[in-house]
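>>> Sharing a model that was predicted from the sequence below.
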Amino acid sequence: MRKLQTLDEAVPLLSATDDFVLGLPVTAVLAQRFRLPTVDPAEFPEMIRIQIEKVLPYSADEVTTDFELIEQNESESVVSAVAIRNEQLAEIAGPLLENGYIPRQVTVYAAQRASTHAPQGNAVLVYPEGETLVYAMTENGKLSLARAFESANGDQLHMELPQLRLSAELQGINASSPSVLLDESCYQLRDTVQEILASSTEIVGIELPPAPVKLNLLPESWRRRRSQLIKQAEWRKRLIWAGSAYAGLLFLLLVYLSLMRFQVGRLDRQIAHDAPETEFVRTTEAHWKALAPAIDSRYYPVEILLHLFESLPSPDVRITAYNQSARQISVDGEANTAALAYEFVEKIKKNPELRVFQFDMAAPRILPNDHAQFRLEGKPR
């Protein structure tokens with residue numbers, strides 16, 4: 001644990017989005033205990049505001065108030081109310097505000113200690129706050145009465161503690177046999193406190209961390225500003241993540257493009273290396289294609305004519321001319337009807353011995369005697 005003396009020392013340790021609580025000294029706030037009729041909880045804030053206005057020389061707009069319920073029955077409620085002037089709060093939190101740091105909660109340190117060390121029953125807390133010594137009465141972990149002494153010597157305690165105890169009893173606080181909690185840094189005052197209060201004293205240390213309390217004196221304008229800062233930080237974080245993701249994708253794309261360029265270069269080198277062999281294969285293939293009509297029986301004119309005649313659908317289809325070159329064949333013919341000409345073409349295309357050619361036929365020409373004159377052209381596949 002690092003102990004800091006001022007808020008200026010805490011500033012370098014914080015950031016705008018940190019979730020931290022500012023605990024105020026009792027000298028900065030007005031702590032008041034009220035007995036109010038038990039009403040709808042929604043009406044409590046307005047009732048307490050009216051009571052606070054009675055004891056403060058400031059308007060409601062100049063102060064921030066909050067309260068905690070100490071105890072309640074059907075007819076009466078005991079409330080611990082705390083108020084602080086906004087101008088004074090801004091002055092105290094000046095080092096934080098100047099750097100854009102707004103706490104999540106502004107509470108009273110005495111209430112934090114009460115909630116931590118004396119959550120039940122009545123207790124007296126004695127601890128230092130800066131140059132002063134704080135005397136706080138608590139009920140069920142809620143702050144009821146608090147005073148700060150300028151000095152912490154025995155004579156001052158003998159004079160002040162009995163008066164504060166009397167003030168507590170006048171306000172209806174049972175101060176006859178409270179638990180007495182003395183901060184460990186004030187151990188030398190233990191005998192004096194026990195003698196004055198006639199109760200055994202327990203030594204307590206610093207809370208790590210203190211128990212949470214309901215009291216929150218954070219002004220509404222601070223709440224809105226903190227919400228804006230958090231949203232801005234969230235958007236900034238999202239933009240950073242989006243930028244990082246974009247940069248990552250761009251990096252992967254560059255790596256991919258570099259890899260592709262390397263692969264293309266490798267393939268180009270391989271193609272260049274294999275170019276002589278590839279050219280030999282191409283030349284050989286061209287030679288074989290040129291020799292195919294002479295050495296492949298499927299290209300022999302006699303064989304082709306035989307398969308053409310085998311494909312004739314009937315004697316009504318006649319072949320009148322046949323021509324063949326190295327690159328294509330042509331067949332002229334005449335059929336009694338156009339349907340027979342088309343049937344002839346279909347049978348040729350289905351003939352497995354003629355599939356080395358791709359046949360096409362234009363629309364037959366109809367003769368005066370209604371016969372159909374056709375011409376087929378076949379090219380090697």
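Structure received.

>>> what about the residue nearest in space to the middle of the chain, helix or strand, and which?
When the chain is reduced to its mean C-alpha position, the nearest residue by Cα atoms, centre = their mean turns out to be residue 238, at 7.0 Å. For residue 238, the element it lies in under DSSP states H and E is helix 220-295.

>>> just checking, what packs against that helix?
Contacts of helix 220-295 with other secondary structure elements, assessed using 3 or more Cβ pairs under 8 Å, 6 or more residues apart in numbering; DSSP states H and E, are absent: no helix or strand is involved. Where C-beta positions appear, they are placed from N, C-alpha and C, glycine not excepted.

>>> hmm, 10 Å instead?
For helix 220-295, the packing partners by 3 or more Cβ pairs under 10 Å, 6 or more residues apart in numbering; DSSP states H and E come out as strand 63-72, helix 86-92, strand 372-380.

>>> Could you give the average pLDDT over the longest one?
Which is strand 63-72. The pLDDT scores in strand 63-72 average 87.

>>> who does that strand pair up with?
strand 76-85 (antiparallel) (DSSP bridges).

>>> How about the strand it pairs with, which residues are buried there?
Judged by neighbour count (16 or more other Cβ atoms under 10 Å), strand 76-85 contains these buried residues: 77, 78, 79, 80, 81, 82, 83, 84, 85.

>>> any idea how far residue 102 is from the nearest residue to the last one once chain neighbours are set aside?
Nearest residue to residue 85 in three dimensions, chain neighbours excluded: residue 63, at 5.4 Å (Cβ to Cβ, 6 or more residues apart in numbering). Note on residue 63: its distance to residue 102, by Cβ to Cβ, to the nearest Å, is 18 Å.

>>> Can you give me the domain boundaries for the protein?
Taking automatic domain parsing as the criterion, the chain consists of the domains 7-218, 298-380.

>>> Could you dump those domains into JSON lines and include distance to residue 246?
Listed next are the domains of the chain as JSON lines, based on distance: least, Cβ to Cβ, whole Å:
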{"stretch": "domain 7-218", "distance to residue 246": "23"}
{"stretch": "domain 298-380", "distance to residue 246": "53"}
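
>>> Worst mean pLDDT among the ones you listed?
Among the domains of the chain, domain 7-218 carries the lowest mean pLDDT, a mean of 85.

>>> give me phi/psi at residue 317?
The phi and psi values for residue 317, taken as degrees, to the nearest 10, are phi -120, psi 130.

>>> what is it paired to in the beta sheet?
Per DSSP bridges, the residues bridged to residue 317 are residue 335.

>>> For it, give me its contacts.
Taking Cβ atoms under 10 Å, 6 or more residues apart in numbering as the contact definition, residue 317 lies against 311, 333-337, 340-341, 343-344, 347, 372, 374.

>>> and what of residue 126?
So residue 126 contacts 133-136, 149, 152, 157, 161, 180-183, 186, 189-190, 193, 197, 201, 204 (Cβ under 10 Å, 6+ apart).

>>> Can you turn the buried part of those into a PyMOL selection?
To isolate the buried subset of those in PyMOL, counting by 16+ other Cβ under 10 Å, use the following:
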select buried, resi 133+134+135+136+149+152+157+161+180+181+182+183+186+189+190+193+197+201+204
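
>>> In strands only, show me the contacts of residue 126.
The subset of these located in strands under the criterion DSSP state E comprises 133, 134, 135, 136, 149, 180, 181, 182, 183, 201, 204.

>>> Test my guess that the second one contacts residue 145.
Just to be clear, that refers to residue 134. No. At 11.1 Å, residue 134 and residue 145 do not qualify as touching, with contact defined as Cβ atoms under 10 Å.

>>> residues contacting residue 47?
Contacts of residue 47 were listed using Cβ under 10 Å, 6+ apart, and they are 34, 36, 37, 39, 67, 77, 79, 81.

>>> Likewise for residue 315?
Residue 315 sits next to residue 336 when contact means Cβ under 10 Å, 6+ apart.

>>> I'd guess it is in a helix, am I close?
No. With DSSP: H, G, I helix; E, B strand; the rest coil as the criterion, residue 315 is coil rather than part of a helix.

>>> quick one: which of the buried residues of strand 76-85 is nearest residue 364?
Proximity of those to residue 364, judged by Cβ to Cβ, is greatest for residue 84, which lies at 107.4 Å.

>>> Report the contact partners of the closest one.
Residues near residue 84 by Cβ under 10 Å, 6+ apart: 24, 28-30, 63-66, 92, 106, 108, 217, 219.

>>> Show me the one in the residues you listed that has more neighbours than the rest.
The member of those surrounded by the most neighbours (other Cβ atoms under 10 Å) is residue 29, with 27 neighbours in all.

>>> Quickly note the distance from the residue lying closest to it once chain neighbours are set aside to residue 220.
Closest residue to residue 29 in three dimensions, ignoring its sequence neighbours and counting by Cβ to Cβ, 6+ apart: residue 84, at 4.8 Å. According to Cβ to Cβ, residue 84 stands 14 Å off from residue 220.

>>> residues shared between the contacts of those two?
Both residue 84 and residue 220 are in contact with residue 64, where contact means Cβ under 10 Å, 6+ apart.

>>> intersection of neighbour lists for residue 134 and residue 145?
A shared contact of residue 134 and residue 145, defined by Cβ under 10 Å, 6+ apart, is any residue touching both; here these are 26, 110.

>>> Correct me if wrong: residue 322 contacts residue 331.
Yes. With contact defined as Cβ under 10 Å, residue 322 reaches residue 331; the gap is 5.7 Å.

>>> Compare those two (neighbour count), which wins?
Comparing residue 322 with residue 331 by other Cβ under 10 Å, the one with more neighbours is residue 331, at 23 against 15.

>>> Now name the helix or strand holding that one.
Of the helices and strands defined by DSSP H and E, residue 331 is found in strand 329-335.

>>> cool, and residue 10?
Short version: residue 10 belongs to helix 7-10, going by DSSP H and E.

>>> Just after that helix, pick out the following helix or strand.
For helix 7-10, the succeeding helix or strand toward the C-terminus, using DSSP H and E, is strand 21-24.
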